[in-house]
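*Asks:* predicted model, plus sequence, below.
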Amino acid sequence: MRFLDEISSRPSLPTTWLTSPEPGSQRDRRGWGSGPRNHPPRNHPRRSRKDEGMTEPDQPKPTSERHVPVLKDRCINLLAPGFEAARLRGETPVAIDATLGMGGHSEAMLQRFPDLHLVGIDRDEEALALAGERLEPFAARTDLVHAVYDEIAEVLEDLGIPEVHGILMDLGVSSLQLDERERGFAYSFDAPLDMRMDTSRGQTAADVVNNYSEEELVRIIRKWGEEKFAGRIANRIVAARAAKPFTTTGELVEQIRAVVPAAAAKSGGHPAKRTFQALRIEVNEELEVLERAVPAAVDAIALGGRIVVMSYHSLEDKIVKGVFQARSKSSAPLGFPVELEEHKAELKTLTKGTEVPTAVEIAENSRAASARLRAVERIRARRAT
């Protein structure tokens, strides 16, 4: 885990540390989370307008126009009672946006709750830089951290924050990652075959397709992509890479199209959709991270605090559901005459099954269509550590 600026060297702070900054103080100017606000966004190479038959310079839209937060109002309304519970105990509410992205949900929370302190976590350095610009007006109330969201405990320890009152996780690939062609997440246009959420480390999708055995490719495409033509696709990849290693998304899409029946594409969407999902999950270890992250979130939340998670496919939702259900039940052995405090349920479920976006929300943001929301509240105090 790597923190931006000097977050990891800060001294631990007591639970009463969240007080109004002195005018003109360092914290007043920069906030404790000074990371990306003092690091201008990296100059990423952008696609050539000449290559697209255009002559005008490519001017990116403001972050607020590029990113429409999914189920924003519902998420914030679910988290709000946790912040109120903190206030009733005389504490300043603290929230974690565990998948900060371009900061849309965080901005909405900071606007609505003027006493809220927010910790934003993201593994994508470009996202952190853009979110830092967007959240600059709230610099004194934010900490933005370069980390993976299963590192919640380490992040809070380094910041000296013992517990939080709300955690939001918006899983899957972000709008930024899909929109930036050079990141290689999308199958709709040609780009380097990368797919890393954190471009500073780890293997790329090209490494996977060029180096995994045929058996390994079948396994991940079938398991992570739920692709019934996994065998055909893996076999085609291995045959094609023997002549020339894959370097771009377009090359991979071409080979997948050659073996997926046209009739399957009509009912299941783009023929490369499931394979790209599988490669992205493998490259970023998404499900392994999620299996660690959800219990870490539960362990970090204060009494009365709430966790809201949005997932976008069944594999993610299954993991979230499993943790929430297990910790919403008593752990006392069957037939045990007295339920001891440590066996009582830790969580209360706030949603009946999963909640889905309305037709209006989907019309406003098509990427919300597959979102599935679950939320819980902590009803038993955390164990002392």
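*Replies:* The structure has been received and is ready for your questions.
*Asks:* who touches residue 284 in this structure?
*Replies:* Going by CB atoms under 8 Å, 6 or more residues apart in numbering, residue 284 touches 123, 195, 196, 197, 198, 202. All C-beta atoms are positioned from the backbone trio N, CA, C, and that covers glycine.
*Asks:* make CSV from those and add distance to residue 242 to it.
*Replies:* Putting these into CSV (distance: CB to CB, whole Å) gives the following:
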residue, distance to residue 242
123, 33
195, 22
196, 25
197, 30
198, 30
202, 25
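*Asks:* which among those end up buried?
*Replies:* Buried members of those, scored by 16 or more other CB atoms under 10 Å, are 123, 195, 196, 197, 198.
*Asks:* ok, residue 346 - contacts?
*Replies:* Per CB under 8 Å, 6+ apart, neighbours of residue 346: 298, 327, 328, 378, 379, 380.
*Asks:* farthest pair in those residues?
*Replies:* Greatest spatial distance among these (CB to CB): 298 and 379, at 11.7 Å.
*Asks:* the two: who's more crowded?
*Replies:* Applying other CB atoms under 10 Å to residue 298 and residue 379 shows that residue 298 carries more neighbours, namely 21 against 13.
*Asks:* skip the chain neighbours and tell me the closest residue to residue 173.
*Replies:* Leaving aside its chain neighbours, residue 173 sits nearest to residue 185 (5.5 Å; criterion: CB to CB, 6 or more residues apart in numbering).
*Asks:* please report phi then psi for the one you found.
*Replies:* Main-chain dihedrals, residue 185, degrees, to the nearest 10: phi -80, psi -30.
*Asks:* what do you get for residue 309?
*Replies:* phi -130, psi 130.
*Asks:* surely it and residue 172 touch.
*Replies:* No: the criterion here is CB atoms under 8 Å, and residue 309 misses it with residue 172 at 11.1 Å.
*Asks:* between these two, who's got more neighbours?
*Replies:* residue 309 (30 against 20).
*Asks:* if I pick that one, what's in contact with it?
*Replies:* 168, 169, 171, 294, 320, 373, 374, 375.
*Asks:* ok, for it, nearest residue in space, not its chain neighbours?
*Replies:* residue 169 (4.5 Å).
*Asks:* what number of residues lie near the one you found?
*Replies:* Residue 169, neighbours per other CB under 10 Å, totals 23.
*Asks:* any idea which of the contacts of residue 309 is least confident?
*Replies:* pLDDT across these is lowest for residue 171, at 92.
*Asks:* quick check: the gap between residue 208 and residue 322.
*Replies:* Per CB to CB, to the nearest Å, residue 208 is found 27 Å from residue 322.
*Asks:* these two: which is more packed in?
*Replies:* Set side by side, residue 208 and residue 322 show more neighbours around residue 208, with 21 against 12, by other CB under 10 Å.
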